[in-house]
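Chemist: Pasted the sequence and its predicted model underneath.
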Amino acid sequence: MSILFWLDYIGTMVFAMSGVLTAAEKRFDLFGVMFIGVVTAIGGGTTRDLLLGITPVTWLSTPIYLYLILAGVLVAMLFRNVLASLRRTLFLFDTIGIGVFTIIGLEKALNLGVHPGVAVLMGVTSAVVGGVIRDTLTNEVPLIFQREIYATACIAGALVYLLLRHLGLDPALNQLFTAGV
Amino acid sequence: MSILFWLDYIGTMVFAMSGVLTAAEKRFDLFGVMFIGVVTAIGGGTTRDLLLGITPVTWLSTPIYLYLILAGVLVAMLFRNVLASLRRTLFLFDTIGIGVFTIIGLEKALNLGVHPGVAVLMGVTSAVVGGVIRDTLTNEVPLIFQREIYATACIAGALVYLLLRHLGLDPALNQLFTAGV
Amino acid sequence: MSILFWLDYIGTMVFAMSGVLTAAEKRFDLFGVMFIGVVTAIGGGTTRDLLLGITPVTWLSTPIYLYLILAGVLVAMLFRNVLASLRRTLFLFDTIGIGVFTIIGLEKALNLGVHPGVAVLMGVTSAVVGGVIRDTLTNEVPLIFQREIYATACIAGALVYLLLRHLGLDPALNQLFTAGV
């Protein structure tokens, strides 16, 4: 489980950073930048938890997420120019974040015993809703609805993971493999 | 109750189709089109369930909704051109969907024993929130805020239904009558 | 507690009025104007309750909020022109509303025993999410992300309140003082 934990932490920070960068580009004030950073990072997992009836939602009872988000927001605000030139690398992390969040959502849902189709939907929700909220609040059409590859990877990841799980693969290996895909 | 069930299923499919058509017009990618279809179909009922504290939300524990939505999405994607020329008929179904969802939301809320004013609000929520999310995510001002008749019908339906229920009318008849209004 | 109660009621009405004025400016139909009024008034508290797992959400079980919102909506629709010339005074009430909602959200969260950082976030959520939804649904970039002072006041209020609470100040005095800030 430990690889997934670390990837989850990294994914949360990267999502917070992507929110900050988007809001800063739109010249939001300090509060706006922080708000968008937080919402991007927690939006997907929060929506998933609410739909599944897990309340209070995960990050409310696990303060480490708040610290990670705060760290992500601060780093992004301080090193905005550096990050702008690292766009390609960030995009890679973003994609990893989406893959990881998909798996986490999927696992949470399966552990609650829901229908596999619903579980895939919960995985996708975890992964994309944060970005969708970010883009909606900054008055853009959500990025994920326009870039084929992005979301396809997310769904493909979910299906692969589900298949491997079904075949009884060791979970840790499975997680690593799916994130790779 | 069975008429309402069938109308609910039809309403869910029609809502999914309206989401697909809107997203396709905006040239969203495959994932975007499916996402908007799903969200339009479940947005209203989900919001209602969350507000009333019904979790996991209905469609999570009742997979038939997922199949209906999937069917609606596929049909809408395959027969997009045909449907475009059937706009008027679809609009009729859409209105029926709104009426049906209003009644269902109203009933669910009343069965939980809430204030009648709140119940009307829950009916309206079930009926319109899916479309509001659809329009917001495609960066439009929600349609329902601009077409007088649409929403008025929805509220009128709720009030008529409430009145008839108060008078002790047979529920099945009542539902049919209200959907007609 | 009674001062806070009254301020809460006033805040709810003012928020409903601000929603009505914004929607009316956008030439929404009657339903749209009412819908935006309601959502602006309850959006923040509802989101807070959902995240904390308080369901059914507060206003569902406390009909007085509905009456207040209805009153706010009616007043705003009837006296739209007068209110337009009172913008400055309204802005003052709006700021008071934000301060009050921040404190209420903070208190609710602290009473549930969450981490203080999370509690501050819940305070901010209560105060700003209603306005964010209002602006998103009217297809605007949320006001609060663009006006520095606004949100800073809200966060400052939360921190001051938390500090004073920690020092063991009498709650009533504390609430009055923070609202003043």
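Modeler: Structure's in. What do you need? Numbers count the residues shown, from 1 in each chain, chains lettered A, B, ... in the order given.
Chemist: so where do the helices sit in chain A?
Modeler: Taking DSSP state H, the helices of chain A run over residues A:2-25, A:30-52, A:58-61, A:64-78, A:80-85, A:87-111, A:116-137, A:148-166, A:171-180.
Chemist: right, and A:Leu50 touches B:Thr55 too?
Modeler: Yes: between A:Leu50 and B:Thr55 there is a contact at 7.4 Å, judged by Cβ atoms under 8 Å. Backbone N, C-alpha and C define where each C-beta goes, glycine included.
Chemist: thinking again about what came up before, and the helices of chain A: which comes nearest chain C?
Modeler: Checking the helices of chain A against chain C by Cβ to the nearest Cβ gives helix A:30-52 as the closest, at 2.8 Å.
Chemist: Can you point out the buried residues in the closest one?
Modeler: A:31-52 (16 or more other Cβ atoms under 10 Å in any protein chain shown).
Chemist: List, one by one, the residues from chain A near chain C.
Modeler: Neighbours of chain C within chain A, by Cβ under 8 Å from any Cβ of the partner chain: A:23, A:26-32, A:35-36, A:38, A:46, A:50, A:55-57, A:59-61, A:63, A:66, A:136-139.
Chemist: Tell me if stretch A:126-144 is near chain B.
Modeler: Yes: contact of stretch A:126-144 with chain B (Cβ under 8 Å from any Cβ) involves A:Val128, A:Val132, A:Thr136, A:Asn139, A:Glu140, A:Val141, A:Pro142, A:Ile144.
Chemist: Now that stretch: average pLDDT?
Modeler: For stretch A:126-144, mean pLDDT is 90.
Chemist: So what's the gap between that stretch and the chain middle?
Modeler: The chain centroid and the centroid of stretch A:126-144 are separated by 11 Å under Cα atoms, centre = their mean, to the nearest Å.
Chemist: In chain A, where is pLDDT below threshold?
Modeler: A:1-2, A:148-155, A:164-181 (pLDDT under 70).
Chemist: For stretch A:125-143, list every residue counted as buried.
Modeler: So for stretch A:125-143, counting by 16+ other Cβ under 10 Å, buried means A:125-138, A:141-143.
Chemist: Repeat that for stretch A:17-31.
Modeler: Neighbour counts over stretch A:17-31 (16+ other Cβ under 10 Å) mark A:Met17, A:Ser18, A:Gly19, A:Val20, A:Leu21, A:Thr22, A:Ala23, A:Ala24, A:Lys26, A:Phe28, A:Asp29, A:Phe31 as buried.
Chemist: Keeping just the C-alphas, turn it into PDB.
Modeler: The C-alpha trace of stretch A:17-31 is given here as PDB (Å, rounded to 0.1, in the frame of the first residue of the first chain):
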ATOM      1  CA  MET A  17       0.100  23.500  -7.700                       C
ATOM      2  CA  SER A  18      -1.900  23.300 -11.000                       C
ATOM      3  CA  GLY A  19      -4.700  25.200  -9.300                       C
ATOM      4  CA  VAL A  20      -2.400  27.900  -8.200                       C
ATOM      5  CA  LEU A  21      -0.800  28.300 -11.600                       C
ATOM      6  CA  THR A  22      -4.200  28.500 -13.400                       C
ATOM      7  CA  ALA A  23      -5.600  31.000 -10.900                       C
ATOM      8  CA  ALA A  24      -2.400  33.100 -11.000                       C
ATOM      9  CA  GLU A  25      -2.600  33.300 -14.800                       C
ATOM     10  CA  LYS A  26      -6.100  34.700 -14.500                       C
ATOM     11  CA  ARG A  27      -4.700  37.400 -12.100                       C
ATOM     12  CA  PHE A  28      -6.800  36.200  -9.100                       C
ATOM     13  CA  ASP A  29      -6.000  37.800  -5.800                       C
ATOM     14  CA  LEU A  30      -4.100  36.000  -3.100                       C
ATOM     15  CA  PHE A  31      -7.300  34.500  -1.600                       C
END
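Chemist: Mind listing residues that contact it?
Modeler: For stretch A:17-31, the surrounding residues in contact (Cβ atoms under 8 Å, 6 or more residues apart in numbering or on different chains) are A:32-41, A:72-73, A:75-77, A:80, A:83-84, A:90, A:94, A:130-131, A:134-135, A:138-139, C:141, C:144-148, C:150-152, C:154-155.
Chemist: How much space separates A:Gln146 from B:Val20?
Modeler: Separation of A:Gln146 from B:Val20 (Cβ to Cβ, to the nearest Å): 16 Å.
Chemist: Give the full set of residues in contact with A:Met122.
Modeler: If you count contacts by Cβ under 8 Å, 6+ apart, A:Met122 has them with A:Arg48, A:Leu51, A:Leu52, A:Gly105, A:Leu106, A:Lys108, A:Ala109, A:Val114.
Chemist: and the two most separated of those?
Modeler: The span of the contacts of A:Met122, defined through Cβ to Cβ, is set by A:Leu51 and A:Leu106 at 13.4 Å.
Chemist: Can you name the two of the residues of stretch A:126-144 next to chain B that sit furthest apart?
Modeler: Within those, A:Val128 and A:Asn139 form the most distant pair, 18.2 Å apart (Cβ to Cβ).
Chemist: Count the neighbours of A:Val82 for me.
Modeler: Using other Cβ atoms under 10 Å in any protein chain shown, A:Val82 is surrounded by 10 other residues.
Chemist: what about it, distance to chain B?
Modeler: 31 Å (Cβ to the nearest Cβ, to the nearest Å).
Chemist: And for A:Ala24?
Modeler: According to Cβ to the nearest Cβ, A:Ala24 stands 21 Å off from chain B.
Chemist: With A:Leu137 instead?
Modeler: Distance of A:Leu137 to chain B, given as Cβ to the nearest Cβ: 10 Å.
Chemist: so A:Gly131 touches A:Thr40, yeah?
Modeler: Yes: counting by Cβ under 8 Å, A:Gly131 touches A:Thr40, with 6.4 Å between them.
Chemist: which residues do those two both contact?
Modeler: With Cβ under 8 Å, 6+ apart as the test, A:Gly131 and A:Thr40 both reach A:Phe15, A:Ser18.
Chemist: Can you add distance to B:Tyr161 and give the helices of chain A back as TSV?
Modeler: Converted to TSV, those look like this (distance: least, Cβ to Cβ, whole Å):
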stretch	distance to B:Tyr161
helix A:2-25	43
helix A:30-52	28
helix A:58-61	38
helix A:64-78	44
helix A:80-85	55
helix A:87-111	35
helix A:116-137	31
helix A:148-166	40
helix A:171-180	48
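Chemist: Out of the ones you listed, which is closest to B:Leu7?
Modeler: It's helix A:116-137; of the helices of chain A, that one is closest to B:Leu7 (Cβ to Cβ) at 23.4 Å.
Chemist: do you know how far the nearest residue to A:Val39 once chain neighbours are set aside is from A:Glu140?
Modeler: Using Cβ to Cβ, 6 or more residues apart in numbering or on different chains and skipping the chain neighbours, the partner closest in space to A:Val39 is A:Ile133 (5.4 Å). Noted for A:Ile133: a distance of 11 Å to A:Glu140, by Cβ to Cβ.
Chemist: Kindly report the same for A:Gly37.
Modeler: For A:Gly37 relative to A:Glu140 (Cβ to Cβ), the value is 16 Å.
Chemist: go on, A:Thr55?
Modeler: Note on A:Thr55: its distance to A:Glu140, by Cβ to Cβ, is 30 Å.
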